[in-house]
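In: Provided below for reference: sequence and predicted model.
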Amino acid sequence: MAQKSKARNKRKYAPRATGISWRLFGTLVLFVLLSLIVIWIFQIVLLNDFYEQSKMAEFVANGEGIFANIDNEEKMKESVYKYSAQTDMCIRLFKAVDGEAKELASSDISAGCMLHHVEAYGLSQLYKHAKQNNGVFTKNIAKPVDENKHVNTIYVSLESNSKGYEYILMMESELIPLNATVMTLQRQFGWIMCILIMGALIVALAISKIICVPLQKMSRSAHRLAKGDYKAEFDGGTYKEAAELAEALNYAADELAKNDNLQRELVANISHDLRTPLTMIKGYGEVIRDIPGENTPENVQVIIDETERLTELVNDMLDLSKIRAGTRKPERESFNLTETVGAVLKRYEKLTEKDGYQISFDADGDVFINADRTMILQVVYNLINNALNYTGEDKKVSIVQSVWDNKVRISVIDTGDGIAEKDIPYIWDRYYKVDKVHKRAKIGTGLGLSIVKGILESHEAVYGVESRVGEGSNFWFEFEMFNVVDDSEMAER
Ligand code: ADP
């Protein structure tokens, strides 16, 4: 046991956790690095590929644009100049007539355009390649004299119109070398990384400060609370999650304070309740021992009564603690509830005769329920006891059994002073007494209703009280009826 609690303490008080700022910094740096890797791949590694792809897309789009007017040569010519200007490309358009290529349009917008300087043989070679390649051909050509090693791309596309004429479109565009751009980007990358990591550190420190300050405050308050200072306040700051935590902790602190008060009250009540009969027993015992002639049956009866009361008190406390701890679980059986209530009433016959109490029981027919009989006996007993204790001058208590919808309700009704509405929610609590003074000689243990509540809740039964000041109270509980098949019925079947 001792070892176990030691282990628990170790877990509680020596957490090996990393601070929020480091966690946050780590996460942000990871995020920055991942982002930079993605940017590196796209901006540097794949830059050339993307550039070439976009150039190719431009060629295709121009081709489609120009050949859109393939049945209208004038418009086609116009679009050659338009696309050439738009995309900064040299474009030549030919029409194949009787095996010869007749030039329809030529846009030479760049001085270094090889398409306009190549000989007829070169052009026919390009045409041939396109013809063999499903009407499309692309070729990269390095400029013959160029220190920057510029490369031009030539794109050839063939298309026939509805009249069967074939048109040859040749376009040329310069591929600007991206090496210099890539190098610049690479050089910038180191700086970008340093700046972003510094930024991550600053952001992590700032955010963690905002989050940590209320957490640290709450942690200090929790230490105060642990030392028994129930006034410790938890302030979660402006963040929703921290504010919710603070609210929960404030609630816990309030509940702990209440519990602590209840505990103190409980100890005070128990010691008081135990001391009163003990004092009586001791007093009467001494009288019987010391004073001749005092050894009377009445005096001995007082000792017996007080001992009974002590037993009752101790039993009640045990019952309640077992119910609350959940160790006393209902052992359900089907039994006759009507008969059980009648059996409790039998116990009061003497009281009825001697003190003039009138206890009536109104039930039409026997009802069976499935519950722990001993526990239900205790509920009925406690409710009738209270009713007798608190009923009015007419000393009337009525018990009513009502049945409807497969349900049975037992109501214990008295004609006493009733209970104020504000007290009703609390009467089920341990040791709650409305006026702290009992009307009858019989002193309650202050645990009766909390035992009733514990038992009925362990049965998941519905229960309650209706009470009006000056008119009396009606304590009731309900159970599902249990249908027992009569032996005679079984025989008939
Ligand atoms: P006690 O031993 O004090 O009767 P209980 O737990 O049985 O303890 O009842 C708690 C409180 O509820 C009582 O002190 C009393 O104030 C109130 N109470 C219970 N039953 C009745 C009743 N029939 N009429 C009026 N007040 C009642």
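Out: On my side now, so go ahead. Numbers count the residues shown, from 1 in each chain.

In: ok, so what distance separates residue 64 from residue 177?
Out: 28 Å (CB to CB, to the nearest Å). Placement of C-beta: from N, CA and C, glycine included.

In: between the two, which one's more packed in?
Out: Neighbour totals were compared for residue 64 and residue 177, and residue 177 leads with 14 against 11 (other CB atoms under 10 Å).

In: can you tell me the SS state at that one?
Out: Look at residue 177: counting by DSSP: H, G, I helix; E, B strand; the rest coil, its state is coil.

In: for it, phi and psi?
Out: The phi and psi values for residue 177, taken as degrees, to the nearest 10, are phi -70, psi 130.

In: tell me which element residue 377 falls in.
Out: Under the assignment given by DSSP states H and E, the secondary-structure element containing residue 377 is helix 373-390.

In: tell me the buried residues in the helix or strand just after that helix?
Out: Next in sequence after helix 373-390, counting helices and strands by DSSP H and E, comes strand 396-404. The neighbour-count criterion (16 or more other CB atoms under 10 Å) identifies 396-399, 401 as the buried residues of strand 396-404.

In: how about the helices of the stretch 301-450 of the chain, start to end?
Out: Per DSSP state H, counting those that start in this stretch, the stretch 301-450 of the chain carries helices over the ranges 337-347, 349-355, 373-390, 448-458.

In: any idea how far residue 469 is from residue 284?
Out: The separation that residue 469 has from residue 284, given CB to CB, amounts to 39 Å.

In: the two: who's more crowded?
Out: When residue 469 is set against residue 284 and neighbours are counted by other CB under 10 Å, the residue ahead is residue 284, at 20 against 13.

In: check contacts around the more buried one.
Out: By CB atoms under 8 Å, 6 or more residues apart in numbering, the contact list for residue 284 reads 299-300, 302-303, 306.

In: mind redoing it with 7 Å?
Out: Contact analysis of residue 284 by CB atoms under 7 Å, 6 or more residues apart in numbering lists 299, 302-303.

In: and those, which is closest to the ligand?
Out: Distances from these to the ligand were compared by CB to the nearest ligand atom; the smallest belongs to residue 302, at 20.5 Å.

In: quick one: secondary structure of the residue in the stretch 101-250 of the chain that the ligand sits nearest to?
Out: Using CB to the nearest ligand atom, the point where the stretch 101-250 of the chain gets nearest to the ligand is residue 230, with a distance of 26.1 Å. Classification of residue 230 by three-state DSSP places it in coil.

In: now swap in the one 4 residues further on and tell me
Out: Residue 234 falls in the coil class when you classify it by three-state DSSP.

In: that one: neighbouring residues, count only.
Out: By the measure other CB under 10 Å, the count of residues near residue 234 is 23.

In: for the one 10 residues further on, same thing?
Out: Counted with other CB under 10 Å, the neighbours of residue 244 add up to 11.

In: what about the residue of the chain positioned farthest from its centre, distance to residue 129?
Out: Note on the chain: the largest separation between a C-alpha and the mean C-alpha position, by CA atoms, centre = their mean, falls on residue 98 (81.6 Å). Applying CB to CB, the value for residue 98 to residue 129 is 22 Å.
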